[in-house]
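*Asks:* here you go, sequence then predicted model.
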Amino acid sequence: MPKFNKIIFLILFSIPGIIISIFISSIIESLLIPDSCDDHHSGNNWLINLLYDFPSWNGCHAYPSTFQFVLIFGFGIYLSYQFCKRVLKI
C-alpha cells in the first residue's frame, strides 16, 4: 500500500508541473517574440525556427511547434518529479 500512495502522490505533483510548464512557455514566448506581427516580416534565427512554426492559417504569426510543446511539458514534469523525489526521498 505505501508504494501505491507514492504513485498517487507523484501523479498529483505532475499536475503543478504541467501548470509550471505553461507558465514557462508564456515567459519564453514573451522574451523571444515581443511583437508577433514584426516577427513574420523579418528573418528569424535558428532558435525561433526551432521553437515556433509560422502557419498560414495563423496569418504567418508565430505558433509554438510540436518540439516546443514536448520540450516545455517534459521540463515541467521533470521539475515536478525532482520536487516529489526530494519530498518523498525516493
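*Replies:* Structure received.

*Asks:* what's the spacing between residue 9 and residue 87?
*Replies:* Distance of residue 9 to residue 87, computed by C-beta to C-beta, to the nearest Å: 8 Å. C-betas here are computed from N, CA, C, even on glycine.

*Asks:* could you list the buried residues of stretch 16-33?
*Replies:* 17, 20, 21, 24, 25, 29, 33 (16 or more other C-beta atoms under 10 Å).

*Asks:* wait, isn't the fifth one in contact with residue 68?
*Replies:* Yes - assessed by C-beta atoms under 8 Å, residue 25 is found in contact with residue 68 at 7.2 Å.

*Asks:* low-confidence ranges in this structure?
*Replies:* Across the chain, the ranges flagged by pLDDT under 70 are 1-2, 34-43, 88, 90.

*Asks:* list the contacts of the most centrally placed residue in the chain.
*Replies:* Geometric centre of the chain, nearest residue: residue 72, 2.3 Å, by C-alpha atoms, centre = their mean. The neighbourhood of residue 72, defined by C-beta atoms under 8 Å, 6 or more residues apart in numbering, consists of 21, 22, 24, 25, 28.
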